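Visitor: how would this look folded up:
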Amino acid sequence: MSTKPTTTDLEWTESDRRAVDTARVLAMDSVQKVGNGHPGTAMSLAPAAYVLFQKLMRHDPADAQWTGRDRFILSAGHSSLTLYIQLYLAGYGVELEDLESFRTWGSKTPGHPEYGHTVGVETTTGPLGQGVANAVGMAMAARYERGLYDPEAAPGTSPFDHTIFAIAGDGCLQEGISAEASSLAGHQKLGNLVLLWDDNHISIEGDTETAVSEDTLKRYEAYGWHVQRVEQLPNGDLDPEGLYEALKAARAETGRPSFIAARSIIAWPAPHAQNTEAAHGSALGEEEVAATKKVLGFDPEKSFEVSTDVLAHTREALDRGREARTEWEKTFAAWRTANPERAATFDRVRAGELPAGWEEKLPAFETGKSLATRAASGKVLQALGEVIPELWGGSADLAGSNNTTIDKTSSFLPVGNPLPEADPYGRTVHYGIREHAMGSTMNGIALHGNTRIYGGTFLVFSDYMRPAVRLAALMRVPVTYVWTHDSIGLGEDGPTHQPVEHLSALRAIPGLNIVRPADANETAIAWREILKRHAKGAPHGLALTRQGVPTYEANDDAAKGGYVLFEAEGGAPRVVLIGTGSEVQLAVEARERLQFAGIPTRVVSMPSVEWFEEQDQEYKDSVLPPAVKARVAVEAGIGLTWHRFVGEAGRIVSLEHFGASADGKVLFREFGFTADAVAAAARESLAASAR
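Guide: Below you'll find the predicted structure:
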């Protein structure tokens, strides 16, 4: 560990000091006006955020999506004003009236930063620690991107070299996700990642001594990070020069991720509110705001006071950004000239397009054969990997079960890793047993752009990923989850590993598309559709079987989420059987029994409820005719999903309790998942619909 250097090349003028103090005043006033928010951290972090945005980062406020930019992630998202104020000062399009409307309806400045809502916000942060893992994912994506487009370039010379900066608070580092992600970052030797810890010793319940006594810096040293501490100024404020030099040293350290601890005093320099838990999440009050303005040399009678000189000074970031981007574009143009094929790939990927002829590589599976959908998915990935270089991913230590290894000879591992397949630009990611971090690093990878990412684990362990999955849906980022072992069909591992409520719970997340294919051909069609939907920006979860299931004729209508797999014979359908995943075969067998009894029966396979609901009413009615009231849905999980599809006269063959440890076939029989049970439910529904 090192402390701040004694010399610096930072140019720090009175205008800079006044701009930092202006940021503190704006933080106080924004929270005071709305009556709620988090002023204290934004006040104390103002020097750090200012140094990053005004003195260090390569960014252009006029082009917030510039490929060559550094990224900034505010993991401590409750302190959103830390970011919004710098976006205002630098000229990103956030204006003073946006700060005045902080946390109000329709404003650009919601309570926590939201991706896609405010220009300059790289990710949605709110749940603590998510931003740390997002930053790790962005750093991973930057390395993979470099490997795709410019792998031979010397370190620091590629137009794809940039730095990921993040600020985290005490709460971020207490959340387990940050430990998972930081461990992964250290193992991956992500030298393009810099994490600044706002070590202010305060949480909602008071001094962090209530909950934490570990040596955080030693913990990060143990993870394999480059660690520094920046000492406070004698008055207790953050030291801009020390921060600048530490951040420069961190950026120069390319062999390890960097961790910088900066001891701050929350709400500095408020005379009475500083260093109190109240300053974390409450307005300071009019008297304290006025007193603090006096300390800082501002008029206590004025609110949202920004001098024209300060704004002119900070908006010079637009000129610096334009110059930096112009210089980068020269380097990028030279790269394009020297690498025309890679440049064409970059343009294609940047546009969200897939290579010509990629669909021809999709495998077609022989009907009648029994194959687990997880195995089919693995075959699809390996086939597509040959032609879609931007597609990469792996598993949370379950690749052999998830079938998520896209290339056995190429693992995304840093230089120096002893494994023979180790490659810093490798295709296959080993997330380790870190499902939560996997979910959120995937979000960071997707947000970074220019690649396509997937990750796998057992469906039951989606519980460990749920906060990250929810944020993926909220942000509408195109990540793909390969969740296998999707029901009691996995067998002897028992109820701890058998997902029962998970499908319905995941379908309850707005914007998340769950796809549970019935067979190998539906699995291939599902992957095809997911890849086509990349530009739409929604996350997808594939729920795949461990056990083999029959393979049916491929039907492109599977991409519509629901379709007629087998039509009724002998007249219009009197009953419709709706199946999903491995239970479609039960519906098919039940149809045979019903047809034999003279009951025309239609089987509908519905791999994705969400995709089906997107279709127009005419199509949905053609699949589920409104006149046919007798309906049965069958799925080896709780039945919440299916009530809206079967109606009052319908029946649901579901599992409303936990599983057991036994062979999967035994469990299906003992828990009533049989063709006879589905046929009996159909007869009940027919009787109910006739009343």
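
Visitor: For my notes, confirm Ile167 occurs in a strand.
Guide: Yes: note on Ile167: a strand contains this position according to DSSP: H, G, I helix; E, B strand; the rest coil.

Visitor: list the contacts for the closest residue to it other than its chain neighbours?
Guide: Nearest residue to Ile167, sequence neighbours excluded (Cβ to Cβ, 6 or more residues apart in numbering): Leu196, at 4.9 Å. Glycine gets a C-beta too; all of them are placed from N, C-alpha and C. Taking Cβ atoms under 8 Å, 6 or more residues apart in numbering, we find Leu196 in contact with Ala48, Phe165, Ala166, Ile167, Ala168, Leu243, Leu247, Ile260, Ala262.

Visitor: which residues in the stretch 101-250 of the chain form helices?
Guide: For the stretch 101-250 of the chain, the helices defined by DSSP state H, counting those that start in this stretch occupy 130-149, 170-174, 176-188, 216-223, 240-252.

Visitor: Those helices: which one's closest to Ser395?
Guide: Among those, the nearest to Ser395 by Cβ to Cβ is helix 176-188 (13.4 Å).

Visitor: For the closest one, which residues meet the burial criterion?
Guide: Within helix 176-188, the residues scored as buried using 16 or more other Cβ atoms under 10 Å are Ile177, Ser178, Ala179, Glu180, Ala181, Ser182, Ser183, Leu184, Ala185, Gly186, Gln188.

Visitor: and which of the residues you listed is nearest Trp268?
Guide: Nearest to Trp268, judged by Cβ to Cβ, of those is Ser178 at 24.6 Å.

Visitor: So the closest one sits against Val136, correct?
Guide: No: counting by Cβ atoms under 8 Å, Val136 is not a contact partner of Ser178; they are 9.2 Å apart.

Visitor: ok, now how distant is the residue nearest to Ile167 from Ile73?
Guide: Separation of Leu196 from Ile73 (Cβ to Cβ, to the nearest Å): 10 Å.

Visitor: could you list every residue that touches the residue positioned nearest the centre of the chain?
Guide: Geometric centre of the chain, nearest residue: Asn443, 2.4 Å, by Cα atoms, centre = their mean. Asn443 makes contacts with Thr123, Gln130, Ala133, Asn134, Gly137, Ala468, Leu471, Ala472, Met475, Val477, Val479, as judged by Cβ under 8 Å, 6+ apart.

Visitor: That one falls within a helix, correct?
Guide: Yes: counting by three-state DSSP, Asn443 is located in a helix.

Visitor: Please render the contacts of Asn443 as CSV that adds pLDDT to the earlier fields.
Guide: Output for the contacts of Asn443, formatted as CSV (pLDDT from 0 to 100):
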residue, pLDDT
Thr123, 98
Gln130, 98
Ala133, 98
Asn134, 98
Gly137, 98
Ala468, 98
Leu471, 98
Ala472, 98
Met475, 98
Val477, 98
Val479, 98
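
Visitor: Need those residues in a markdown table (columns: distance to Tyr223 and neighbour count).
Guide: Shown next, in a markdown table, are the contacts of Asn443 (distance: Cβ to Cβ, whole Å; neighbours: other Cβ atoms under 10 Å):
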| residue | distance to Tyr223 | neighbour count |
| --- | --- | --- |
| Thr123 | 22 | 31 |
| Gln130 | 18 | 30 |
| Ala133 | 14 | 33 |
| Asn134 | 17 | 33 |
| Gly137 | 16 | 32 |
| Ala468 | 20 | 29 |
| Leu471 | 24 | 22 |
| Ala472 | 25 | 30 |
| Met475 | 27 | 21 |
| Val477 | 26 | 24 |
| Val479 | 25 | 29 |
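
Visitor: Present those as JSON lines; the columns should include distance to Thr22.
Guide: Formatted as JSON lines, the contacts of Asn443 follow (distance: Cβ to Cβ, whole Å):
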{"residue": "Thr123", "distance to Thr22": "26"}
{"residue": "Gln130", "distance to Thr22": "29"}
{"residue": "Ala133", "distance to Thr22": "32"}
{"residue": "Asn134", "distance to Thr22": "29"}
{"residue": "Gly137", "distance to Thr22": "33"}
{"residue": "Ala468", "distance to Thr22": "36"}
{"residue": "Leu471", "distance to Thr22": "32"}
{"residue": "Ala472", "distance to Thr22": "36"}
{"residue": "Met475", "distance to Thr22": "31"}
{"residue": "Val477", "distance to Thr22": "34"}
{"residue": "Val479", "distance to Thr22": "39"}
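
Visitor: re earlier: which residues are common contacts for Leu196 and Ile73?
Guide: Shared contacts of Leu196 and Ile73 (Cβ under 8 Å, 6+ apart): Phe165, Ala166, Ile167.

Visitor: I figured the second one hits Trp197, correct?
Guide: Translated: Ala166. No: Ala166 lies out of contact with Trp197 (Cβ under 8 Å); the separation is 9.6 Å.

Visitor: show me where pLDDT drops low in the stretch 51-200 of the chain?
Guide: Counting by pLDDT under 70, the stretch 51-200 of the chain contains no low-confidence range.

Visitor: residues contacting Thr118?
Guide: Counted by Cβ under 8 Å, 6+ apart, Thr118 has contacts Tyr84, Leu87, Val94, Lys108, Thr109, Pro110.

Visitor: let me redo that: Ala473
Guide: Counting by Cβ under 8 Å, 6+ apart, Ala473 touches Ile509, Pro510, Gly511, Leu512, Ala538, Pro539.

Visitor: tell me the pLDDT at the closest residue to it other than its chain neighbours?
Guide: Among residues not flanking Ala473 along the chain, Gly511 sits closest, at 3.7 Å (Cβ to Cβ, 6+ apart). Per-residue confidence (pLDDT) for Gly511: 98.

Visitor: What is the burial count for Gly511?
Guide: 15 (other Cβ atoms under 10 Å).

Visitor: how near is Thr367 to Asn555?
Guide: From Thr367 across to Asn555, the span is 11 Å (Cβ to Cβ).

Visitor: Repeat that for Glu635.
Guide: In terms of Cβ to Cβ, Glu635 sits 20 Å off from Asn555.

Visitor: Where is the longest helix in this protein?
Guide: If each helix of the chain is counted by residues according to DSSP state H, the longest one is helix 316-338.

Visitor: Tell me how far it lies from the chain's centre.
Guide: 29 Å (Cα atoms, centre = their mean, to the nearest Å).

Visitor: most packed of the helices of the stretch 101-250 of the chain?
Guide: Between the helices of the stretch 101-250 of the chain, helix 130-149 has the highest mean count of neighbours, a mean of 27, where neighbours are mean count of other Cβ atoms under 10 Å.

Visitor: I'd like to check the angle between that helix and helix 176-188, please.
Guide: 30 degrees (axes from the mean of the first three to the mean of the last three Cα atoms, to 10 degrees).

Visitor: now helix 130-149 against helix 316-338, angle please.
Guide: Here the directions of helix 130-149 and helix 316-338 differ by 30 degrees (the same axes, to 10 degrees).

Visitor: CA atoms only: put helix 130-149 into PDB for me.
Guide: This file holds the C-alpha atoms of helix 130-149, laid out as PDB (Å, rounded to 0.1, in the frame of the first residue of the first chain):
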ATOM      1  CA  GLN A 130     -24.000  -3.400  -8.200                       C
ATOM      2  CA  GLY A 131     -21.900  -0.700  -9.700                       C
ATOM      3  CA  VAL A 132     -18.700  -2.300  -8.500                       C
ATOM      4  CA  ALA A 133     -19.600  -5.500 -10.400                       C
ATOM      5  CA  ASN A 134     -20.800  -3.400 -13.400                       C
ATOM      6  CA  ALA A 135     -17.300  -1.800 -13.500                       C
ATOM      7  CA  VAL A 136     -15.700  -5.200 -13.400                       C
ATOM      8  CA  GLY A 137     -17.800  -6.300 -16.300                       C
ATOM      9  CA  MET A 138     -17.000  -3.200 -18.300                       C
ATOM     10  CA  ALA A 139     -13.300  -3.800 -17.700                       C
ATOM     11  CA  MET A 140     -13.600  -7.400 -18.900                       C
ATOM     12  CA  ALA A 141     -15.500  -6.200 -21.900                       C
ATOM     13  CA  ALA A 142     -12.900  -3.600 -22.700                       C
ATOM     14  CA  ARG A 143     -10.200  -6.400 -22.700                       C
ATOM     15  CA  TYR A 144     -12.300  -8.700 -24.900                       C
ATOM     16  CA  GLU A 145     -13.100  -5.900 -27.300                       C
ATOM     17  CA  ARG A 146      -9.400  -5.100 -27.700                       C
ATOM     18  CA  GLY A 147      -8.800  -8.800 -28.400                       C
ATOM     19  CA  LEU A 148     -11.500  -8.800 -31.100                       C
ATOM     20  CA  TYR A 149     -10.200  -5.700 -32.900                       C
END
